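> no sequence for this one, just the structure:
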């Protein structure tokens with residue numbers, strides 16, 4: 001009985017640590033030609049948060065992701081160092097429109113992935129999401145996280 005109780009509390013500690021590492025989420029919506037799609041996104045607002053991104057994650061569940069806010073439109077480069085799962089990177093301008101998408105990026109790669117034009121935001125979601133939901137350049141993105149100054 002005592003071993004089960006200790007095991008239970010150890011499991012709770014690991015679950016709590018995982019929840020803290022992932023941070024709070026906010027809803028973000030993309031309106032595509034095929035419908036409206038809502039994601040619960042973690043926010044990467046500071047340099048430290050943007051540097052870590054989704055590194056070390058073993059999965060990115062459907063309907064979740066991370067939104068990087070760079071503060072103003074500029075050329076952006078990302079990479080997949082220490083990122084174990086393929087991602088779709090959705091590059092979004094300050095006009096809230098999808099500018100370009102890097103699909104199914106290669107896990108653990110240090111090759112840079114560049115926005116095709118200056119953007120303010122990058123949304124990272126599980127690889128294959130953009131094709132599955134028919135997300136394309138020109139689609140409109142909305143939500144508190146993207147509408148802040």
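Cool, got the structure. Nothing here was measured: the structure is a model prediction, and the numbers come from that model. Residues are numbered from 1 along each chain as shown.
> And the pLDDT for residue 19?
On pLDDT, residue 19 comes in at 36.
> Only the buried residues of stretch 108-125, if you could.
By 16 or more other Cβ atoms under 10 Å, the buried positions in stretch 108-125 come out as 113, 115, 119-125. The way it works is simple: take the backbone N, C-alpha and C, and place the C-beta from them, glycine included.
> Any chance of JSON lines for the residues you listed, columns secondary structure?
As requested, these are arranged in JSON lines below (DSSP: H, G, I helix; E, B strand; the rest coil):
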{"residue": "113", "secondary structure": "strand"}
{"residue": "115", "secondary structure": "coil"}
{"residue": "119", "secondary structure": "strand"}
{"residue": "120", "secondary structure": "strand"}
{"residue": "121", "secondary structure": "strand"}
{"residue": "122", "secondary structure": "strand"}
{"residue": "123", "secondary structure": "strand"}
{"residue": "124", "secondary structure": "strand"}
{"residue": "125", "secondary structure": "strand"}
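> would you turn those into a markdown table with pLDDT and distance to residue 54?
Formatted as a markdown table, those follow (pLDDT from 0 to 100; distance: Cβ to Cβ, whole Å):
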| residue | pLDDT | distance to residue 54 |
| --- | --- | --- |
| 113 | 97 | 13 |
| 115 | 96 | 17 |
| 119 | 98 | 18 |
| 120 | 97 | 19 |
| 121 | 97 | 15 |
| 122 | 97 | 11 |
| 123 | 98 | 11 |
| 124 | 97 | 6 |
| 125 | 98 | 10 |
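> Between these, which sits nearest residue 62?
The shortest gap between residue 62 and any of the buried residues of stretch 108-125 belongs to residue 125, at 8.6 Å (Cβ to Cβ).
> so that closest one sits right up against residue 88, yeah?
Yes: at 5.2 Å, residue 125 and residue 88 qualify as touching, with contact defined as Cβ atoms under 8 Å.
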